[in-house]
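Student: predicted model and sequence below, questions to follow.
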2 protein chains.
Amino acid sequence: MTGLTAKGAATRDRIVRAATDLILERGVNGMTLDEIRVGTRTSKSQLFHYFPGGKSDLVAAIAGFQNSRVMAAQEPWIDGLDSWESWQGWRDAVVAYYSNLTHKYCSVTALVNDVAPTDPALAAQVAALADRWLDQLAAGLRRMCDNGLLRDGADPDRLALAVFASLQGGLLVMQARDDIEPLAAALDGALTMLRAWAAEDDGGGAGRTR
Amino acid sequence: MTGLTAKGAATRDRIVRAATDLILERGVNGMTLDEIRVGTRTSKSQLFHYFPGGKSDLVAAIAGFQNSRVMAAQEPWIDGLDSWESWQGWRDAVVAYYSNLTHKYCSVTALVNDVAPTDPALAAQVAALADRWLDQLAAGLRRMCDNGLLRDGADPDRLALAVFASLQGGLLVMQARDDIEPLAAALDGALTMLRAWAAEDDGGGAGRTR
DNA sequence: CATAGTTTGGACTTGGCGGTTCAGTCTTTT
DNA sequence: AAAAGACTGAACCGCCAAGTCCAAACTATG
């Protein structure tokens, strides 16, 4: 993808943005290139001009783009999850972000789930994105351990895994039921779990209970 | 599906069983009817004879069958989740069941996720199965409330939703990483969360911490 | 044993969708 | 302004998977 003029870059960007919302609405297999062509007001040749690898190439770009949007929505909390307040702020930001969404597919993980078996490269890319996300959670918890906010014996990586699973599951159930409540309940549950690991003299109970 | 002889019923059953493992391995869109035909040692006409609605009809049968297997694996715990010991037993049974599995797709919810937008009937069926599952969890928690095992203010339905999300998320992440640990961590997290709601004089801490 | 109904095999049809091609237009550069 | 190269539109191709058809082979009854 070298030698793109400003116009070309703009077109590519327009395609990614529009295609993201389309794909997120109906899934990878539920949306054809022709529909994307119409939805983005482009032509087939443009699609293949900017994404030589075809559909999976486009989906990869979409996954990266959507991931960046999701991560941006978690700013500034995601970068410093090392206090009870920041976790609550993060939870609120996540719920707020997904509350305003209209598309059906919310979790990139779930989106790519159905093509993962036939597209290992894409699966690996999404797995890497998920790992980065998970690492952000774990990093915060690790600092909380160091700062004595969590009890001895707390395993930051394992706790992060549990929180991440709650998040992904919340998104999945939210998607299936078209209701934000499962996500909210899942994240509140995850926070309750974390507070159960709070050091005794701290309590962590400063935050809301639900 | 009336007028099936014993032989016909056996054939239909054989198809469902074999097709379940195939579909669970590669996903709905990743597995063609021709591959299913080969894998089940049948012919196209049989597939459409026993499942007049075609592929979605077959997938619906598979979803029901797999659901019954998954629920059976949770016996006897799933029917009486009204003590701390039963929750721990349930958690262990779930982890044990999925530990022995070889297929890639574990959660029926995730399986159907990718066809849900284009097949509302199937989506509704799976949603109903999920609801029944969720209700089992909620019923146990409700009894625990009544028996004073959970603090006042605990919302059984919401807690069940959080546990269910942890479970589904654990399965999803487990699938993506091909590792049982995410599921175990997610369920342990869910149990930790529940114990955080234990009535003061009980503690619920009798169970393991991880 | 006849006959109606069920079960089976495998070739055939159809359509949708990812991908290709090419001619034509716009941009940039010198 | 002219040439090189990036960008665009639309018709076209070919594959492959879902779904159809029909004749043959069973199986249950009278």
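Tutor: Noted; the coordinates are in hand.
Student: every contact and neighbour count from this point should use C-alpha atoms.
Tutor: Noted.
Student: endpoints of stretch A:46-62, how far apart?
Tutor: In stretch A:46-62, first residue to last residue: 16 Å (CA to CA, to the nearest Å).
Student: buried stuff in it?
Tutor: A:47, A:50-51, A:56-62 (16 or more other CA atoms under 10 Å in any protein chain shown).
Student: pLDDT, secondary structure and distance to DNA strand C added to these, as TSV?
Tutor: TSV is the format used below for those (pLDDT from 0 to 100; DSSP: H, G, I helix; E, B strand; the rest coil; distance: CA to the nearest atom of the strand, whole Å):
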residue	pLDDT	secondary structure	distance to DNA strand C
A:Leu47	96	helix	8
A:Tyr50	96	helix	11
A:Phe51	96	coil	9
A:Ser56	95	helix	6
A:Asp57	96	helix	8
A:Leu58	97	helix	9
A:Val59	96	helix	10
A:Ala60	96	helix	12
A:Ala61	96	helix	13
A:Ile62	96	helix	14
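Student: those residues into a markdown table, with extra columns for distance to B:Ala139?
Tutor: Putting the buried residues of stretch A:46-62 into a markdown table (distance: CA to CA, whole Å) gives the following:
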| residue | distance to B:Ala139 |
| --- | --- |
| A:Leu47 | 52 |
| A:Tyr50 | 53 |
| A:Phe51 | 51 |
| A:Ser56 | 44 |
| A:Asp57 | 46 |
| A:Leu58 | 45 |
| A:Val59 | 42 |
| A:Ala60 | 42 |
| A:Ala61 | 44 |
| A:Ile62 | 41 |
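Student: wait, what's in contact with the residue in chain A positioned nearest to DNA strand D?
Tutor: Closest contact between chain A and DNA strand D, by CA to the nearest atom of the strand, is at A:Gly8 (3.0 Å). Listed by CA atoms under 8 Å, 6 or more residues apart in numbering or on different chains, the contact set of A:Gly8 is empty.
Student: and the helix or strand it falls within, what's buried?
Tutor: A:Gly8 belongs to helix A:6-26 when assigned by DSSP states H and E. Applying a neighbour-count criterion of 16+ other CA under 10 Å, one finds A:11-12, A:15-26 buried in helix A:6-26.
Student: do stretch A:170-180 as well
Tutor: Buried residues in stretch A:170-180 (16+ other CA under 10 Å): A:170-176, A:180.
Student: tell me which of these fall in helices.
Tutor: A:170-176 (DSSP state H).
Student: from those, which are also near chain B?
Tutor: Restricting those to those adjacent to chain B (criterion: CA under 8 Å from any CA of the partner chain) gives A:170, A:172-173, A:176.
Student: please report phi then psi for A:Gly30.
Tutor: A:Gly30 adopts backbone torsions of phi -90, psi 0, taken as degrees, to the nearest 10.
Student: surely A:Thr118 touches B:Asn29?
Tutor: No. If you go by CA atoms under 8 Å, A:Thr118 and B:Asn29 don't touch, sitting 9.5 Å apart.
Student: going along the chain from the lowest-mean-pLDDT helix or strand in chain A, find the next helix or strand for me.
Tutor: Least confident helix or strand of chain A, by mean pLDDT, DSSP states H and E, is helix A:108-113 with a mean of 88. Next helix or strand after helix A:108-113 toward the C-terminus (DSSP H and E): helix A:120-146.
Student: now tabulate the buried residues of stretch A:170-180 in CSV and tack on distance to A:Ser107 and pLDDT.
Tutor: Formatted as CSV, these follow (distance: CA to CA, whole Å; pLDDT from 0 to 100):
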residue, distance to A:Ser107, pLDDT
A:Gly170, 10, 97
A:Leu171, 6, 96
A:Leu172, 7, 95
A:Val173, 11, 95
A:Met174, 10, 94
A:Gln175, 9, 91
A:Ala176, 12, 90
A:Ile180, 13, 96
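Student: OK, now which residue of chain A is nearest to chain B?
Tutor: Closest to chain B within chain A is A:Gly169: 3.5 Å, counting by CA to the nearest CA.
Student: what number of residues lie near that residue?
Tutor: 33 (other CA atoms under 10 Å in any protein chain shown).
Student: not counting sequence-adjacent ones, nearest residue to it?
Tutor: Closest residue to A:Gly169 in three dimensions, ignoring its sequence neighbours and counting by CA to CA, 6 or more residues apart in numbering or on different chains: B:Gly169, at 3.5 Å.
Student: got it, and A:Ile15?
Tutor: Nearest residue to A:Ile15, sequence neighbours excluded (CA to CA, 6+ apart): A:Thr40, at 5.7 Å.
Student: dump the residue contacts of the one you found.
Tutor: Taking CA under 8 Å, 6+ apart, we find A:Thr40 in contact with A:14-15, A:18-19.
Student: all good on my end, thank you.
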